[in-house]
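J.: can you look at this prediction? I've put the sequence above it.
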Amino acid sequence: MESSNRKIGIREYMAIAFLTVGTKLSDDTPTLLVSETLTAGWIAALLTGIISIVPVLLMIKVLSVHKGKNFYEVLIFLFGKLIGNLIAMVLLLIAFSALIIDSAIYTDIIDTMYFTTTPAIVIYGVLMLVCTFGAKKGLEQIGSVAWLLLFYIKITLFIVLLYAWQGGRPSFIFPLWGGGKGQIIKAGITKVSLFADFLYFGMIAPLVTSFKSFKKGTWIALAVVTIELTAAVMAYTILLDYTTLRLINYPFHEAIRNINIGFLTNVEMLFFPFWLLATFIRFSFYLYIVTMLFGFIFKIKQFSYVLPVVATLVVFIGIAPEAPTFTIFQLRETLLTIVSPVYIGVPCLMWITSKIKGGTENEKKMEKN
Amino acid sequence: MKKRWRKIKLLLVSVTLLLAGCWDQRELEERAYVIAIGLEKAGDKEEDKGQVKVTYLIANPEVGTQASGGASDEPPQETLTIPASDFINSRNIANVVIGKEISYDLLRTILVSEELARDQHFLRLIYNANKDREVKRSTQLIISKESASEYFKNNKPTLETRPHKFYELMLQRGIETGLIPNSEIRSFFRITEADASLFTAAYTSSEQKPDYENRDDEFIAGELPVSGEINKTQFIGSAVFKEGQMIGKLTGEETRLTGLLRLEQDVTDILTTLPDPGDGKYRISVRINKYKKNKVDMDLKSFPPKINVVVPMRIEVLSDPSLTNYGGSEKQRNKLRNFFTKKFEEKFNGLVQKSQDEFKGDLFGWSIYARKKFKTIKEYNDFNWMESFPKAEIDIKADISFGEFGRQPRVPKMYEVKD
């Protein structure tokens, strides 16, 4: 993986994007969106996707001027060593916290919904072990595995959503504005960082075969993931109604527990492995990004050696909180709210600086793209 | 050497990973599969307030399988009743007499005695079903007239001896015929949490107190005089819940009418009788099929709120006891249609009246429909459906069209036969 020279294609890139962001609909994200907006959670989900267009657009514009450079290198170029590294440090901190909190949530899901007697630390340990292995293999491998599994994961997801749609009652999404328009806008803005992953995709921009593929892949991924999340929140609302939905943490797993295929009951174990695979890919990628950023900031060329240390740290910090179902839920909500301005702000700042610094020449380049 | 080390390392890692999956492993024979849980009050004494008696109906997985050749010396089921605080800790208490781990994986039915369902502590107790990881939200909540332990003792199916199949079939068929409502526990929680409509649960009894006054489906469980060599457990009628507490009962007929008035189309096969307009002595057998959704119109701005419902029904006339040949002429058909329409509207409006006056709540789940009329949840909550519904002016219309008139469309005239 040592800043591997081999590149990934648009398919692999999109598969990674689909799985890292798309998997969020299967954790507590829907509950976060619904808690204040009530029946209108899906509008909030749609809104976060629409707002995300701004930072993603600006990021692509800036990166397009500096083709061949990744996000970090552009940061250094634009802001100089000191401020550039400072911003990168903030981004690293955010990515690391997100990695810890999200992996802790997934451990909690597995622990509370599936393997109830296995100690959390064992689940956590195994999860991170697999993901470290995946991350160590490098981006190329993560990409091909993601592409390989994408179809199966999305098919099972589609079945679950289809079931939820037909098993529920469409009238449950009324009243249309739910908790009120103000709440929807508030949720849409504070939770926009759900899509903050797209900022980190900038780190691997030069590793995608061409910048055109990167650009195209990002837009397709953003559109698909937004639609997916919106449809999922809608489906959960239709299946469970907002009264129940806001009380439960992991609606996806509640939904699959309700599915009967003909005479087959208890089929949740049919869907679980696919979800698990998506989880592995997601955290492999997160680990990869975190160590990559770490490596760039601290000038470690062989950053794959840092992986085990990072993974171990994640396990020990992630396992610490008491009553994870509640604590981590709150932590995640706080983190999302804090990250949102960063997610919107950093690309804006970069774009403005790039305009000032690059002058007319850069501007022309930007226009072209 | 280096290569061998790599192999050994790989082996160790994969073994660790694979074996970690065995942590929750349990052998089939180490688990006792509970098919139904029965809950009843422990007693009336003050110190018994929080206590319940939990009854487990445990299936014998060997019965009816190919492996045992369909015959086993062991009985198909066993029951045990223990006092406990709830049905979560009772799992361990049960291990005093059962050497296996109690599993709720195959739990399909939670049976609650009427006495406990009417208790105000019931809601606290039943919320454990959401806390337990193995209890599914699709579990059926049914209410028994007698105590749960009594019920399981009396209930001895003769042909369908495997208990999971018995409950599955009884409930499934009951829902199809509309004699009992579909009472999944998730609807119970949803309706209770929304606090707008009333929940109905299937009603059952294993004791017979025949009531010879009633006809057809006008019974409630336990009242139908059944004879013959058959299990005497009956599933008919429903228990009405308001705010998580049982407040009343509906007969089989009322349950069917409720099913017709609700928005969803659960009921698919209603066979019933209606008086014959040609001759009051006789009753006509009909099959009722609600072929599309009800049309509900609401005016919630006015006071009192106005609700108009049209129930589309397709009726197949299956008998002709007065030998009138209703299908034969337009005139007769219209006569029958008007008669049926009047009858149904009478019954529907009577039930709505009962729902408004006796239960002071909405039996029909129309609150979901009412939600469309509001922009935000706040407006809807301020309207307070539970309070407003009993004051509403409700009018129900039956829209009847005829389907088949039996296999043989015409019957001979009475005088032709007698002559």
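T.: Looks like it came in fine.
J.: separation between B:Trp385 and B:Lys397?
T.: 22 Å (Cβ to Cβ, to the nearest Å). Heads up, the C-betas are built off the backbone N, CA and C, glycines and all.
J.: between the two, who's got more neighbours?
T.: It is B:Trp385, of B:Trp385 and B:Lys397, that has more neighbours when counted by other Cβ atoms under 10 Å in any protein chain shown, with 22 against 16.
J.: for the chain, just list every one of the helices.
T.: In the absence of a named chain, chain A is used. Applying DSSP state H to chain A gives helices spanning A:10-22, A:29-37, A:41-65, A:71-109, A:120-136, A:139-167, A:181-190, A:197-201, A:211-245, A:251-257, A:268-297, A:307-318, A:324-368.
J.: my question was about chain B
T.: Under DSSP H, chain B gives helices at B:2-20, B:90-93, B:114-117, B:122-126, B:128-131, B:148-154, B:163-177, B:185-194, B:252-261, B:330-357, B:367-370, B:377-383, B:385-388, B:414-418.
J.: and the fourth one, how far out from the chain middle?
T.: This points to helix B:122-126. 19 Å (Cα atoms, centre = their mean, to the nearest Å).
J.: can you put the helices of chain A in JSON lines and add distance to chain B?
T.: Converted to JSON lines, the helices of chain A look like this (distance: least, Cβ to the nearest Cβ, whole Å):
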{"stretch": "helix A:10-22", "distance to chain B": "21"}
{"stretch": "helix A:29-37", "distance to chain B": "9"}
{"stretch": "helix A:41-65", "distance to chain B": "12"}
{"stretch": "helix A:71-109", "distance to chain B": "12"}
{"stretch": "helix A:120-136", "distance to chain B": "5"}
{"stretch": "helix A:139-167", "distance to chain B": "10"}
{"stretch": "helix A:181-190", "distance to chain B": "8"}
{"stretch": "helix A:197-201", "distance to chain B": "27"}
{"stretch": "helix A:211-245", "distance to chain B": "4"}
{"stretch": "helix A:251-257", "distance to chain B": "6"}
{"stretch": "helix A:268-297", "distance to chain B": "9"}
{"stretch": "helix A:307-318", "distance to chain B": "13"}
{"stretch": "helix A:324-368", "distance to chain B": "12"}
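J.: could these be laid out in a markdown table, adding mean pLDDT?
T.: Output for those, formatted as a markdown table (pLDDT from 0 to 100):
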| stretch | mean pLDDT |
| --- | --- |
| helix A:10-22 | 90 |
| helix A:29-37 | 88 |
| helix A:41-65 | 90 |
| helix A:71-109 | 89 |
| helix A:120-136 | 89 |
| helix A:139-167 | 88 |
| helix A:181-190 | 88 |
| helix A:197-201 | 89 |
| helix A:211-245 | 90 |
| helix A:251-257 | 86 |
| helix A:268-297 | 90 |
| helix A:307-318 | 90 |
| helix A:324-368 | 79 |
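J.: mean neighbour count added to these, as CSV?
T.: Below are the helices of chain A laid out as CSV (neighbours: other Cβ atoms under 10 Å in any protein chain shown):
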stretch, mean neighbour count
helix A:10-22, 24
helix A:29-37, 25
helix A:41-65, 22
helix A:71-109, 20
helix A:120-136, 20
helix A:139-167, 18
helix A:181-190, 18
helix A:197-201, 23
helix A:211-245, 22
helix A:251-257, 23
helix A:268-297, 22
helix A:307-318, 19
helix A:324-368, 16
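J.: select, out of these, the one closest to B:Leu28.
T.: Among the helices of chain A, the nearest to B:Leu28 by Cβ to Cβ is helix A:268-297 (15.0 Å).
J.: who are the packing partners of that closest one?
T.: For helix A:268-297, the packing partners by 3 or more Cβ pairs under 8 Å, 6 or more residues apart in numbering or on different chains; DSSP states H and E come out as helix A:10-22, helix A:71-109, helix A:120-136, helix A:139-167, helix A:251-257, helix A:307-318.
J.: what angle do it and helix A:120-136 make?
T.: With axes from the mean of the first three to the mean of the last three Cα atoms, to 10 degrees as the basis, helix A:268-297 and helix A:120-136 are set at 60 degrees to each other.
J.: figure out which of the helices of chain A is closest to B:Tyr282.
T.: Short answer: helix A:139-167, nearest of the helices of chain A by Cβ to Cβ, at 42.7 Å.
J.: contact residues of chain B facing chain A?
T.: B:13, B:16-17, B:20, B:23-24, B:105-106, B:130, B:133, B:136-138, B:186, B:189-190, B:193-194, B:263-264, B:368-369, B:371-372, B:374-380 (Cβ under 8 Å from any Cβ of the partner chain).
J.: hmm, back to that, out of the helices of chain B, deepest packed?
T.: helix B:252-261 (a mean of 25; mean count of other Cβ atoms under 10 Å in any protein chain shown).
J.: which residues does it contact?
T.: B:178-181, B:200, B:216-220, B:236-238, B:250, B:266-267, B:270, B:272, B:288, B:290, B:294, B:309, B:311, B:313, B:347-348, B:351-352, B:354, B:363-364, B:396 (Cβ atoms under 8 Å, 6 or more residues apart in numbering or on different chains).
J.: rewinding a little: take the helices and strands packed on helix A:268-297 and lay them out in TSV including distance to B:Ile142.
T.: Output for these, formatted as TSV (distance: least, Cβ to Cβ, whole Å):
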stretch	distance to B:Ile142
helix A:10-22	40
helix A:71-109	31
helix A:120-136	37
helix A:139-167	21
helix A:251-257	20
helix A:307-318	43
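J.: pLDDT wise, what is B:Leu57 at?
T.: At B:Leu57, the model reports a pLDDT of 88.
J.: from chain A, how far out is it?
T.: Separation of B:Leu57 from chain A (Cβ to the nearest Cβ, to the nearest Å) stands at 17 Å.
J.: from B:Lys391, how far off is the closest residue to that residue other than its chain neighbours?
T.: Using Cβ to Cβ, 6 or more residues apart in numbering or on different chains and skipping residues adjacent in sequence, the residue nearest B:Leu57 is B:Ala36, 4.2 Å away. B:Ala36 sits 40 Å away from B:Lys391, going by Cβ to Cβ.
J.: same deal with B:Asn338?
T.: Taking Cβ to Cβ, one finds B:Asn338 at 31 Å from B:Lys391.
J.: please apply the same query to B:Val286.
T.: 34 Å.
J.: again with A:Gly9
T.: 66 Å.
J.: retrieve the pLDDT associated with B:Glu416.
T.: pLDDT, B:Glu416: 69.
J.: on that earlier part again, which one's more surrounded, B:Val286 and B:Lys391?
T.: B:Val286 (21 against 11).
J.: which residues does that one bridge with?
T.: For B:Val286, the residues forming beta bridges with it (DSSP bridges) are B:Thr272, B:Val317.
J.: roughly how far apart are it and B:Gly252?
T.: Applying Cβ to Cβ to B:Val286 and B:Gly252 gives a distance of 16 Å.
J.: contacting residues for the residue nearest to B:Lys41 when sequence neighbours are not counted?
T.: Excluding the flanking residues, the one nearest B:Lys41 by Cβ to Cβ, 6+ apart is B:Leu116, at 4.9 Å. By Cβ under 8 Å, 6+ apart, the contact list for B:Leu116 reads B:Leu39, B:Glu40, B:Lys41, B:Val52, B:Phe122, B:Leu125.
J.: and if you look at B:Thr81?
T.: Contacts for B:Thr81 (Cβ under 8 Å, 6+ apart) come out as B:Gly38, B:Lys53, B:Val54, B:Thr55, B:Tyr56, B:Ala148, B:Ser149.
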